[in-house]
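# I'd like to go over a predicted model; first the sequence, then the structure.
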Amino acid sequence: MTGFWCERAWLSDRIERGVLVRGHADGAIAEVSKADSPPAGARRLPGLVLPGLANAHSHAFHRALRGRTHRVAARSGEPALDAADRPEEPAFGPADSFWTWREAMYALAARLDPDGYRRLATAVYAELVLAGWTCVGEFHYLHHGPGGARYDDPNAMSAALRQAARDAGIRLTLLDACYLTGGIGEPVTGTQLRFSDRTVDAWAARAGKLADGPLFRTGAAIHSVRAVPAGALPDVVAASGGRPLHVHLSEQPAENQACLAAYGRTPARLLRDAGALGPRTTVVHATHLTGEDVELLGSAGVTVCACPTTEADLADGIGPMRALADAGCPLALGTDQHATVDPFAEARGLEAGQRLVSLRRGRFAPARLVRALTADGYAALGWPAGGRIAAGAPCDLVAVRLDSPRTAGCEPEQVVFAASASDVDSVIVGGEVVVSGGTHRMGDVGAALAVAVGQVWA
Ligand SMILES: [Zn+2]
């Protein structure tokens, strides 16, 4: 039986000094008790120990785009400095937008195969654990080979992600996304062919072959109302069973306009009418909503996953997160395209966005931001006992130093407003030590990323 002694621990209603967490052989917490000093054999965790942090929205392969999509000239008309060096990638210009970024993402997706994706995802997931994330929801839509050809194992890409998570030491919920159309009423083309199972039945049959296991659960996803026709939505909901169901919602105004034009309803209303909104549903982004949309999501108890650094990077806008919380939505956080993977930056980004649009501070209390990172994120990923330091919860722990240049002097209750991923000292997942003293058990994660990203673009 493993014991972890915490200088301070974030318990459900308070921060306690001197807490002993005993793990059970099954990877859950067996007992939480007071201990003024570390008992013999217990591992000492410095600073403040938070429950595991859930990254509720990830596309692992997008990490290979980090620092490679910003070629807009300072002034309209000026050439980007390095555009000529990279003729194979889209030349970005003043019209750079979510949609031009998507073309770069498609070019990247076209290059991946199961082996390359496993190498890349292993390094990406290792980066996530190093940053303090203990659980990740992988919104997975890159299912098939070039042109949509099936791999010998039709779940080869899912298997690659599962193996990557195992090697990197992160808890994974694989959200297998149904993707059938390239836009509302449009066929899939080009790289999108790799995303599509062609029918809901074929998607459900393939995704249904994945079985839960240690540190691994499955869930379902509707890619978006752009990629699943209204008539197919109830079938996806039925096939998802009692598992988590995630969906990209109203990230960009163009999605709303297309949905209104085709169906006379907003995407949120369309999902509600299809029976897709409920307590096991998580909508991602929820940026451009009407007042009625907010009420629909809140009354259904839908979790809203904000991805603030991605939403800023992609010029999505700022969603009505305080109004959604007031309407009854639990909130979760994700790093989505992994432009950055810092859990504290996401939490602060959520609060900063609401401050900027309201001209008021204190929109979310620090404890509410931690809840979004922990218990509400875990619940959204199908681990309802997770994100807590309590008996019966998964033994996932994150020790954050309180003596770094960033955190020194802060009140521990407000550490989410001071810390960065660099302040994460130790990470425990399922009772196993994955990060210790700021080092991942895999060793040099930067080197692993350099190799994996380099191979993708080679
Ligand atoms: Zn996404």
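Good, I have the coordinates.

# so where is this protein shaky, pLDDT-wise?
For the chain, the stretches with pLDDT under 70 are 1-2, 72-95.

# any idea which residue sits dead centre in it?
residue 57 (2.1 Å; CA atoms, centre = their mean).

# How about the secondary structure of that one?
Counting by DSSP: H, G, I helix; E, B strand; the rest coil, the backbone at residue 57 sits in strand.

# Might you report the residue contacts of it?
For residue 57, the contacting residues are 137, 139, 246, 284, 305, 307, 332, 334-336, by CB atoms under 8 Å, 6 or more residues apart in numbering. Quick note: C-beta positions are derived from backbone N, CA and C, even for glycine.

# The residue lying closest to it once chain neighbours are set aside: what's it in contact with?
Distances taken as CB to CB, 6 or more residues apart in numbering put residue 334 closest to residue 57, at 2.7 Å, once the chain neighbours are dropped. Residues near residue 334 by CB under 8 Å, 6+ apart: 55-58, 137, 284, 305-307, 310, 346.

# picking that back up, may I ask which two of the contacts of residue 57 are separated the most?
Farthest pair in these (CB to CB) is 246 and 335. Separation: 14.6 Å.

# residues contacting the closest residue to residue 375 other than its chain neighbours?
For residue 375, ignoring the flanking residues on the chain, the nearest one in space by CB to CB, 6+ apart is residue 387 at 3.8 Å. Contacts for residue 387 (CB under 8 Å, 6+ apart) come out as 51-54, 371, 373-379, 393, 396.

# any chance of those residues in a markdown table, with secondary structure and neighbour count too?
As requested, the contacts of residue 387 are exported to a markdown table (DSSP: H, G, I helix; E, B strand; the rest coil; neighbours: other CB atoms under 10 Å):
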| residue | secondary structure | neighbour count |
| --- | --- | --- |
| 51 | strand | 29 |
| 52 | coil | 30 |
| 53 | strand | 31 |
| 54 | strand | 32 |
| 371 | helix | 20 |
| 373 | helix | 30 |
| 374 | coil | 29 |
| 375 | helix | 24 |
| 376 | helix | 24 |
| 377 | helix | 34 |
| 378 | helix | 29 |
| 379 | helix | 22 |
| 393 | coil | 23 |
| 396 | coil | 33 |
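
# quick one on the thing from earlier: arrange the contacts of residue 334 in a markdown table, one row each, with distance to residue 119 as further columns.
Converted to a markdown table, those look like this (distance: CB to CB, whole Å):
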| residue | distance to residue 119 |
| --- | --- |
| 55 | 20 |
| 56 | 24 |
| 57 | 22 |
| 58 | 16 |
| 137 | 21 |
| 284 | 26 |
| 305 | 27 |
| 306 | 30 |
| 307 | 25 |
| 310 | 23 |
| 346 | 26 |
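
# still on that earlier bit, and which of the contacts of residue 57 is nearest to residue 446?
Nearest member of the contacts of residue 57 to residue 446, counting by CB to CB, is residue 335, at 17.2 Å.

# Double-check the closest one against residue 341; I have them as touching.
Yes - using CB atoms under 8 Å, residue 335 is in contact with residue 341, at 4.8 Å.

# would you list every one of the helices in the stretch 201-350 of the chain?
233-239, 253-263, 267-273, 291-299, 308-313, 321-327, 343-358 (DSSP state H, counting those that start in this stretch).

# do you know which of those helices lies nearest residue 63?
helix 308-313 (11.6 Å).

# For that closest one, which outside residues touch it?
Against helix 308-313 from outside (CB under 8 Å, 6+ apart): 251, 285, 287, 316-319, 333-337, 339-340, 342, 345-346, 349-350, 352-353.

# that older thread, which residues do residue 335 and residue 341 both contact?
In contact with both residue 335 and residue 341: 55, 128, 133, using CB under 8 Å, 6+ apart.
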